[in-house]
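> Let me see the structure of the following:
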Amino acid sequence: MSAPVFLVDPEFVSDAALESILELPKAVSHHMSVMRIEPNELCELVDGRGKRISGNLNIEGEFVVRNIAVEALPSLRIDVAQALIKGDRLENSLDMLTQVGVMGLIPWMADHSVVKWQGDKVAKQFTKWTNISRAATEQSRRSWTPEIRDPVTSPELANRLSTYDHVIVLVEASGEKYSGVTSGSVLLIVGPEGGISARERELFGEADSLTLGTSVFRSETAGVVGASYLFTQSGEWDSQSGGTMKGLSNA
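Residues are numbered from 1 along each chain as shown. Down below sits the predicted model:
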């Protein structure tokens, strides 16, 4: 059985060294207590930025560092601009996108989005998304946690396209064949239930189009399927081509 993973802030483990003893943050210590982690039981701390520390609790409840590893950034780094949709479906999508391995999540107030984030709701939803992505990071045992970006309108999203190596829009049908990407930064744009507007198609005119077979997916599912497809066809999920682990061990 794999060792349980606990996410900590990068500053907490920035100076960690082999055999050093760390006094765990209260929230992490409580989480371990709830999970009934016993002294000498192997567990791992990740900082969400590639660092993974293996160790165990001593009888005082402190964490003893046994191994430190740093996972390189994946060769294919996907950010998902997810159009806002109703209910908890958006949260479910965020959870699954984190598990899949995306690096960034952009809440997108698309032209056809019924939901809009404004005022106090932005801060509330940002906190909620952060908590969901942190929990999903631990569950999926990731070393990297996706960055939750500020919500954007369609013109604001269009202004960001040039910061990526590749921009891909998910569409129901496309007259152009998708050529594929194997590395670099990718922005995957996922529209709402009402689809992408004519104005948005013009704003994203330089982007590639990707159709996910003959099925029409719900918005919250499309991004997960699209990101999974990109990771698979690029070989990122192949165990021979995944991110390398450069570790230090006292073993």
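> Residue 55 is in contact with residue 45, isn't it?
Yes. Between residue 55 and residue 45 a contact is recorded at 7.3 Å, counting by Cβ atoms under 8 Å. Heads up, the C-betas are built off the backbone N, CA and C, glycines and all.
> Give me the common contacts of those two.
Residues touching both residue 55 and residue 45 (Cβ atoms under 8 Å, 6 or more residues apart in numbering): 22, 63.
> Could I have the CA atoms of stretch 1-19 written out in PDB?
Extracted C-alpha coordinates of stretch 1-19, given in PDB (Å, rounded to 0.1, in the frame of the first residue of the first chain):
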ATOM      1  CA  MET A   1       0.000   0.000   0.000                       C
ATOM      2  CA  SER A   2       1.300   3.500  -0.900                       C
ATOM      3  CA  ALA A   3       2.300   5.800   1.900                       C
ATOM      4  CA  PRO A   4      -0.200   8.600   2.600                       C
ATOM      5  CA  VAL A   5       0.600  12.000   1.200                       C
ATOM      6  CA  PHE A   6       0.100  15.300   3.000                       C
ATOM      7  CA  LEU A   7       0.400  18.700   1.300                       C
ATOM      8  CA  VAL A   8       2.400  21.400   3.100                       C
ATOM      9  CA  ASP A   9       3.400  25.000   2.200                       C
ATOM     10  CA  PRO A  10       6.700  25.200   0.300                       C
ATOM     11  CA  GLU A  11       8.200  27.400   3.000                       C
ATOM     12  CA  PHE A  12       7.700  24.600   5.600                       C
ATOM     13  CA  VAL A  13      10.100  22.200   3.800                       C
ATOM     14  CA  SER A  14      12.400  24.700   2.100                       C
ATOM     15  CA  ASP A  15      15.300  24.000   4.600                       C
ATOM     16  CA  ALA A  16      14.500  20.300   5.300                       C
ATOM     17  CA  ALA A  17      17.500  18.000   5.400                       C
ATOM     18  CA  LEU A  18      18.000  14.300   5.800                       C
ATOM     19  CA  GLU A  19      17.400  13.100   9.400                       C
END
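> In it, which residues are buried?
For stretch 1-19, burial by neighbour count (16 or more other Cβ atoms under 10 Å) applies to 4, 5, 6, 7, 8, 12, 13, 16.
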